[in-house]
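Asker: Sequence and computational prediction follow.
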Amino acid sequence: MKSNTVTMKTFSNIRFKKKTVQRFQEFSKRFFKTHTEAMDTMLDFFQYNEISPKETLGPNARTLEANIKKRINALVSIIKDIEKNQTKPTTAMLQLLFEKAPAKQKQPRLVEIKKGRKVSKDPFFATSLEAIELRKEKNTLQRDLKETKQQFDDILFSKIHIVKSSFGKAKLQLDMTIEEFEAIKNKMKNN
């Protein structure tokens with residue numbers, strides 16, 4: 001009997017309309033174990049988020065997600081347009097400028113040659129064309145030098161080893177097949 005009085009003191013009655021009570025009970029059964037837990041959670045939600053139950057929260061998460069996806073798609077299309085119309089042509093021009101374009105591609109003529117007039121007689125064009133040819137030759141020589149240095153480094157650091165002997169001084173040993181040696185030798189002769 002004493003236990004009944006203790007439990008009676010912890011509960012209190014509030015009067016609601018039957019329709020509201022039915023809605024609350026259905027909601028409470030779906031998400032919570034007890035009606036008290038449901039009410040506490042709802043009150044905590046409103047107090048913690050500092051919102052009034054009379055206010056609307058605006059668009060829900062689904063509409064916000066749809067808006068964000070639309071904006072992301074718009075950004076993606078803008079970036080693709082920038083790549084297509086600005087970045088790729090600029091890259092192509094820079095590659096042509098630094099002679100990284102394919103060598104077999106036919107380059108347009110920079111100077112129109114008229115009949116009866118030779119470019120070599122015009123000192124400006126002659127020196128400009130010579131400068132362009134010298135620059136091309138310099139770039140080719142630098143590229144060849146870089147390749148040769150790379151080959152030398154490969155041989156020096158990966159193919160040559162120090163062999164210590166028990167008698168006398170240490171010696172260098174070249175770990176390379178005859179075919180590899182002949183290929184390097186022929187390449188050096190051709191250059």
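Answerer: Alright, I've got the coordinates.
Asker: Quick check: which element contains the residue most central in space within the chain?
Answerer: The centre of the chain sits closest to I79, judged by Cα atoms, centre = their mean, with a distance of 13.1 Å. Per DSSP states H and E: I79 is located in helix 61-82.
Asker: Next SSE downstream of that helix?
Answerer: Beyond helix 61-82 on the C-terminal side, the first helix or strand identified by DSSP H and E is helix 88-97.
Asker: name the helices or strands packed onto that next one?
Answerer: The contact analysis (3 or more Cβ pairs under 8 Å, 6 or more residues apart in numbering; DSSP states H and E) places helix 88-97 against no helix or strand. In this view, the C-beta of every residue, glycine as well, is placed from N, C-alpha and C.
Asker: just how off-centre is it within its chain?
Answerer: 21 Å (Cα atoms, centre = their mean, to the nearest Å).
Asker: Surely T34 is in contact with S28?
Answerer: Yes: with contact defined as Cβ atoms under 8 Å, T34 counts as touching S28 (7.4 Å).
Asker: between the two, who's got more neighbours?
Answerer: Per other Cβ atoms under 10 Å, whichever of T34 and S28 has more neighbours is S28, with 18 against 10.
Asker: hang on, that one is in a helix, isn't it?
Answerer: Yes: assignment of S28 by DSSP: H, G, I helix; E, B strand; the rest coil places it within a helix.
Asker: Lovely, talk soon.
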